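Engineer: Here is a sequence with its predicted model. Questions after.
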There are 2 protein chains.
Amino acid sequence: MSLLVVGSTAFDSIETPHGSKADCLGGSSTYFALAAALFTEVRLVSVVGADFPAESRALFEKHGVKLDGLEVADGETFRWSGRYSADMNSRETLDVQLNTFGGFKPKIPAAFAETPYVFLANGSPGTQASVLDQMKRPLFTVADTMDLWIENERDELCELLPRVDGLIVNDEEVKMLTGESNLIRAGRRLLEMGPKLAIVKKGEHGAFLFSSYFQQALPAYPTDSVVDPTGAGDSFAGGFMGFLAECDMLSLGNMKRAMAYGTVTASLTVEGFGVDRLAAANRHGLERRYEELIQFVAI
Amino acid sequence: MSLLVVGSTAFDSIETPHGSKADCLGGSSTYFALAAALFTEVRLVSVVGADFPAESRALFEKHGVKLDGLEVADGETFRWSGRYSADMNSRETLDVQLNTFGGFKPKIPAAFAETPYVFLANGSPGTQASVLDQMKRPLFTVADTMDLWIENERDELCELLPRVDGLIVNDEEVKMLTGESNLIRAGRRLLEMGPKLAIVKKGEHGAFLFSSYFQQALPAYPTDSVVDPTGAGDSFAGGFMGFLAECDMLSLGNMKRAMAYGTVTASLTVEGFGVDRLAAANRHGLERRYEELIQFVAI
């Protein structure tokens, strides 16, 4: 089934201990779309500037990503630059130019309004709610968020939570959102705030899935080559949602498998700068990593 | 089969965000012994002072721990006090009095020299080597170490590594020892330095097992009640070695199961101050957690 993503498209300039690369195609919806496109048809709703090049558009199209919802506004595309620490567990933002993304008000094309699977990439809770207002009863909706919205727009975020099926956050964010310092209690508390699923990303330490019925923990895929962590979280979300949209059966077993597909999809992304490695991936290589991950966690 | 442990016995004064407790029975060999005693007969080689009370001796004996190798020296028992940070991921040592442990030269009783399973708890590599010199061809030997020895006695540690079957360290230690910042590469590099197994503990993020044949990752058991992390690593080692000594069959499958038993044993320890919770545990409760852990990581 089709999968809609609403989020940012950007050009990133990235420095890591392995080198640097300027003007990489990036943004939350870009990583998500290219990841999810390994599984299913993806519909992108985002905004770029008049400077957005034909080759970037062509990259999306090559992966079957539908661009009817990609607005081209006057001005320039969102630009971000950042530098990672030596162990790549933290990063410093060097520059942000929101440009056309600063005034982004997502407009869902009529043909996309009935898309059954929806991912609300990181954005203000108000913007995320405006997307839900335009959708016609989606089957399965997951939202991402960040510390900025938890701190500054908590009420709006708390209003959004009962309207989504899942929230995907990192371990610091779920503790901040719930006020619980223990991760297990924080995950359970988040479920009481509305969503049926709480997905907690822990970077190199893997991910947790909380639901009323079960908990699951998965380590990260054991890659020995982390070149650039940018987009790992959105790639995880893309693999998770892409697999669920592809099999179109929301069983508990499929949720667990989706966590594993998210994990291996993210492992590809971090092995290259920007989307280089992810965009070069194919389903065969992904399946091989999935089988390796299963062996890795088997007892 | 029997399992020998050589290490420290101490009295700890511990402060955590959940409270504080003075003069808790502790030390690496204490946690290890009480954990492993859930599985098999444990032989303790350690040193205490004349102040070591009958009730602590009785606690070991109640769990079937053999004390023939527990030397009582003139002076006082090793004392340590420390305070944990709010998230309990780091701790500050407030006071250390080595006392009788300062001059500890392990003497293996003749009746213990043929023990097939041996754990060298944290100690100087020279002291650990002196234990191996006294053992008659043990079947399976695992050593623990710490940053102090990696920094100050690297040569002695590197000489020890080919003499043990496994080394158990935390993630920072394996990176320090191998000079590799990526955990997967660090684990592989450690195997090249001698041991056939490298076990890397990551605290609340679980543990990795590296061998030439396979890698395994396990999350921590999802406890929502961490009261005092002291002794978690030694309890993990005790569960790991205790299970292997109990089943006395060194298959790859049993190594993976031993990792899971180590994980659930450690999860008990952290739920109480000192050894309180561990000493009150029974095999039935441990097996229930083992089954829960299997479900937790199943895909």
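Structural biologist: In hand now; what should we look at?
Engineer: For the stretch 151-299 of chain A, what lies in contact range of chain B?
Structural biologist: Contact residues of the stretch 151-299 of chain A with respect to chain B, defined by CB under 8 Å from any CB of the partner chain, are listed as A:181-185, A:188, A:202, A:204-206, A:208, A:214-219, A:222-226, A:256-257, A:259-260, A:293-299. (Each C-beta comes from the backbone N, C-alpha and C, glycine too.)
Engineer: Tell me which entries of these lie within helices.
Structural biologist: Helix and strand membership here follows DSSP state H; of those, those in helices are A:183-185, A:188, A:256-257, A:259-260, A:293-297.
Engineer: Quick one: buried ones out of the residues you listed?
Structural biologist: Neighbour counting by 16 or more other CB atoms under 10 Å in any protein chain shown classes A:183, A:184, A:185, A:188, A:256, A:257, A:259, A:260, A:293, A:296, A:297 among those as buried.
Engineer: Next up, the contacts around the first one.
Structural biologist: With contacts defined as CB atoms under 8 Å, 6 or more residues apart in numbering or on different chains, residue A:183 is in contact with A:171, A:174, A:175, A:200, A:208, B:204.
Engineer: pLDDT of the helix or strand where the third one lies, averaged?
Structural biologist: Using DSSP states H and E, residue A:175 falls within helix A:171-178. In this model, helix A:171-178 has a mean pLDDT of 97.
Engineer: Check which helices and strands it sits against.
Structural biologist: Contacts defined by 3 or more CB pairs under 8 Å, 6 or more residues apart in numbering or on different chains; DSSP states H and E place helix A:171-178 against helix A:147-152, helix A:183-192, strand A:197-201.
Engineer: Give the buried residues for stretch A:186-206.
Structural biologist: By 16+ other CB under 10 Å, the buried positions in stretch A:186-206 come out as A:186-191, A:194-206.
Engineer: Check stretch A:132-151 too.
Structural biologist: Taking 16+ other CB under 10 Å as the neighbour-count basis, stretch A:132-151 is seen to contain the buried residues A:132, A:135, A:138, A:140, A:141, A:142, A:143, A:144, A:145, A:146, A:149, A:150.
Engineer: how distant is it from the center of its chain?
Structural biologist: Going by CA atoms, centre = their mean, to the nearest Å, the spacing between the C-alpha centre of stretch A:132-151 and its chain's C-alpha centre is 12 Å.
Engineer: For the buried residues of stretch A:132-151, give me JSON lines that also has pLDDT, secondary structure and distance to chain B.
Structural biologist: Formatted as JSON lines, the entries for those read as follows, by pLDDT from 0 to 100; DSSP: H, G, I helix; E, B strand; the rest coil; distance: CB to the nearest CB, whole Å:
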{"residue": "A:132", "pLDDT": "98", "secondary structure": "helix", "distance to chain B": "30"}
{"residue": "A:135", "pLDDT": "98", "secondary structure": "coil", "distance to chain B": "30"}
{"residue": "A:138", "pLDDT": "97", "secondary structure": "coil", "distance to chain B": "26"}
{"residue": "A:140", "pLDDT": "97", "secondary structure": "strand", "distance to chain B": "20"}
{"residue": "A:141", "pLDDT": "98", "secondary structure": "strand", "distance to chain B": "24"}
{"residue": "A:142", "pLDDT": "98", "secondary structure": "strand", "distance to chain B": "19"}
{"residue": "A:143", "pLDDT": "98", "secondary structure": "strand", "distance to chain B": "24"}
{"residue": "A:144", "pLDDT": "98", "secondary structure": "strand", "distance to chain B": "22"}
{"residue": "A:145", "pLDDT": "97", "secondary structure": "coil", "distance to chain B": "21"}
{"residue": "A:146", "pLDDT": "96", "secondary structure": "coil", "distance to chain B": "20"}
{"residue": "A:149", "pLDDT": "97", "secondary structure": "helix", "distance to chain B": "23"}
{"residue": "A:150", "pLDDT": "97", "secondary structure": "helix", "distance to chain B": "18"}
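Engineer: Report the buried residues of stretch A:214-233.
Structural biologist: A:215-223, A:226-233.
Engineer: Give me the subset of those lying in strands.
Structural biologist: When strands are assigned by DSSP state E, the members of the buried residues of stretch A:214-233 inside them are A:215, A:216, A:217, A:218.
Engineer: Now do the same contact list for the nearest residue to the last one once chain neighbours are set aside.
Structural biologist: Translated: residue A:218. Closest residue to residue A:218 in three dimensions, ignoring its sequence neighbours and counting by CB to CB, 6 or more residues apart in numbering or on different chains: residue A:206, at 4.9 Å. Taking CB under 8 Å, 6+ apart as the definition of contact, the neighbours of residue A:206 are A:217, A:218, A:219, A:220, A:263, B:205, B:217, B:219.
Engineer: In contact with the second one: list those residues for me.
Structural biologist: The one in question is residue A:218. A:206, A:207, A:208, A:209, A:259, A:260, A:263, A:293, A:297, B:219, B:297, B:299.
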